[in-house]
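**Q** Mind looking at a prediction? Sequence and model below.
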Amino acid sequence: GSVTVGGVPVAGVVMQGLQGLPGNATTTANGTYSVKVGYRWSGTVTPVKEGYTFEPGARPYTNVDSPMTGQDYDATAIQYTISGTVGAEGVTLRGFPGNILSGPDGQYTVAVNHGWSGEVTPTLEGFAFDPPKRPYAKVLENLVGQDYEATEVFVTIAGNTGQPGVILEGLQQPDGQSVISDGKGNYSVKLRFGWNGTVTPRKEGYTFRPEGAPYNRVVRDMTAQNFVPTRIKCAISGTVGQPLVVLKGFPTRVVSSQTGAYQAQVDYGWSGTVTPELGGFEFDPPSISYNEVKDPQLSQDYQAKERRFKISGRIVSDQGPLDGVMVNTGLGGDLEGTTDYEGNYVLAEVPHGWSGVIQLVKEGFEFQPREQRVTAVTRDLVYNFAAK
């Protein structure tokens with residue numbers, strides 16, 4: 001006869017009751033056995049192999065007087081269940097027979113044959129397990145509570161933005177908070193294994209290189225993910241009406257061109273007050289204030305006006321104020337005058353930096369001082385004279 005499991009031969013089955021008789025009382029590789037018994041032999045044959053049950057469990061024979069074929073048995077492998085939880089859905093338990101995956105609640109159950117041995121390793125991308133594996137040696141009973149603790153694996157992205165307070169758009173802390181660089185420009189964030197996204201640094205007044213950093217399936221820590229900041233500049237320009245005017249207050253030295261035009265570059269958000277200065281001139285407006293410049297400031301113009309100064313005084317003789325004295329500068333026009341009945345004179349305003357000599361003329365009189373030298377006028381001047 002033969003012994004099979006679902007039509008598959010089972011070798012090594014001992015046919016107890018036939019042992020010691022001529023022939024093969026143990027099934028061969030093809031699951032067959034054949035034994036010669038004596039004429040009118042009687043006995044009971046019981047198939048035996050560890051890990052199997054048989055149908056029928058035994059066969060009695062009485063007074064066998066002819067060959068008997070087809071004395072077959074159906075074998076069934078004894079199986080045990082191994083069950084537990086791995087803490088996550090879709091975990092592959094490698095090492096068990098077949099493809100074993102945990103269910104939605106992380107539970108798993110698997111059937112193994114009697115005496116099965118092996119080593120089982122739970123695997124799921126993005127998770128680590130404790131214990132990392134379990135060995136089994138000759139399973140002879142059902143095993144429950146074969147549990148593993150799953151811990152989600154995080155990867156770290158870290159770097160420097162070159163500026164404090166930079167928002168890293170596209171990243172979030174595990175608690176949902178935004179990722180912002182610290183006082184030294186450093187940032188660090190933990191992300192789920194396999195994270196995808198694009199990181200874009202943002203801070204008012206700055207551009208960054210690169211503008212954004214794409215990531216595809218981050219599966220390891222990534223450090224030195226740096227960005228280089230560049231301060232945005234804003235132009236301030238206009239005219240002051242004169243060349244070589246110094247515009248004080250800008251972060252760098254700014255001087256108007258031969259046409260009176262000027263241009264300055266200031267940092268985004270700059271605040272300050274600009275005052276044009278040039279000897280001999282005053283400007284309208286005298287200054288312009290700026291508060292947190294964020295756009296180009298064009299046509300920031302000033303009107304230049306040449307500064308002039310008044311020269312005046314009084315001429316008095318022993319008899320009192322002396323009128324009719326000619327006050328001569330040699331320039332003619334409004335820059336010469338005559339004292340009034342109170343002895344006062346006023347010369348029209350002279351240009352900034354003017355130098356010259358004031359002389360007095362009236363027949364019959366001498367004056368002390370005889371003349372007044374004026375050098376590089378920078379303010380109103382008063383010169384009084386005495387006449388004899």
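**A** Yep, that arrived.
**Q** Which of the residues in the lowest-mean-pLDDT helix or strand in the chain are classified as buried?
**A** Lowest by mean pLDDT, DSSP states H and E among the helices and strands of the chain is strand 344-351, with a mean of 85. Neighbour counts using 16 or more other C-beta atoms under 10 Å place 345, 347, 349, 350 of strand 344-351 among the buried residues. In this view, the C-beta of every residue, glycine as well, is placed from N, C-alpha and C.
**Q** residues making contact with that strand?
**A** For strand 344-351, the surrounding residues in contact (C-beta atoms under 8 Å, 6 or more residues apart in numbering) are 280, 306-315, 321, 325, 327, 329, 333-339, 356, 358, 377.
**Q** cool, and stretch 212-229?
**A** Residues contacting stretch 212-229 (C-beta under 8 Å, 6+ apart): 155-163, 166, 170, 191, 193-201, 203, 206-210.
**Q** Kindly recompute the last result at 7 Å.
**A** Residues from elsewhere that reach stretch 212-229 (C-beta atoms under 7 Å, 6 or more residues apart in numbering): 155-163, 191, 193-201, 206, 208-210.
**Q** same thing with stretch 50-58?
**A** Contacts of stretch 50-58 (C-beta under 7 Å, 6+ apart): 10, 44-47, 73-78, 113-115.
**Q** tell me the two of the residues you listed that are most distant?
**A** Farthest-apart pair in the contacts of stretch 50-58 is 44 and 113; separation 27.4 Å (C-beta to C-beta).
**Q** related to what we said a few turns ago, and of the buried residues of strand 344-351, the nearest to residue 300?
**A** Using C-beta to C-beta, the buried residues of strand 344-351 come closest to residue 300 at residue 349, 29.1 Å.
**Q** circling back to that earlier point, among the contacts of stretch 212-229, which ones are in strands?
**A** Members of these lying in strands (criterion: DSSP state E): 155-160, 191, 195-201, 206, 208-209.
**Q** Kindly write the PyMOL command that selects the buried subset of those.
**A** Listed next is the PyMOL selection for buried residues among those, using 16+ other C-beta under 10 Å:
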select buried, resi 155+157+159+160+191+195+197+199+200+201+206+208
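**Q** Residue 277 - nearest residue in space that isn't next to it in sequence?
**A** Sequence neighbours aside, residue 246 is the residue nearest to residue 277 in space, at 5.0 Å (criterion: C-beta to C-beta, 6 or more residues apart in numbering).
**Q** quick one: what helix or strand has the residue most central in space within the chain in it?
**A** The centroid of the chain falls nearest to residue 168 when counting by C-alpha atoms, centre = their mean (3.5 Å). Per DSSP states H and E, residue 168 falls inside strand 167-172.
**Q** Determine the next helix or strand in the C-terminal direction from that strand.
**A** Downstream of strand 167-172 (by DSSP H and E), the next one is strand 178-180.
**Q** so where's this protein shaky on pLDDT?
**A** 331-335 (pLDDT under 70).
**Q** What residues of stretch 103-123 count as buried?
**A** 106, 108, 110, 112, 114, 116, 120, 122.
**Q** From residue 23, how far out is the third one?
**A** To residue 23, residue 110 is 40 Å away according to C-beta to C-beta, to the nearest Å.
**Q** Contacts made by stretch 371-380 with the rest, please.
**A** Counting by C-beta under 7 Å, 6+ apart, 309-310, 350, 352-359, 381, 383 sit against stretch 371-380.
**Q** one step back: turn the buried residues of strand 344-351 into CSV, including distance to residue 293.
**A** CSV is the format used below for the buried residues of strand 344-351 (distance: C-beta to C-beta, whole Å):
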residue, distance to residue 293
345, 51
347, 45
349, 38
350, 40
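**Q** still on that earlier bit, could you please name the strands the helix or strand following the least confident helix or strand of the chain pairs with and the direction of each pair?
**A** As assigned by DSSP H and E, the chain's next helix or strand after strand 344-351 is strand 356-361. Neighbouring strands of strand 356-361 in its sheet, by DSSP bridges, are strand 326-328 (antiparallel), strand 371-374 (antiparallel).
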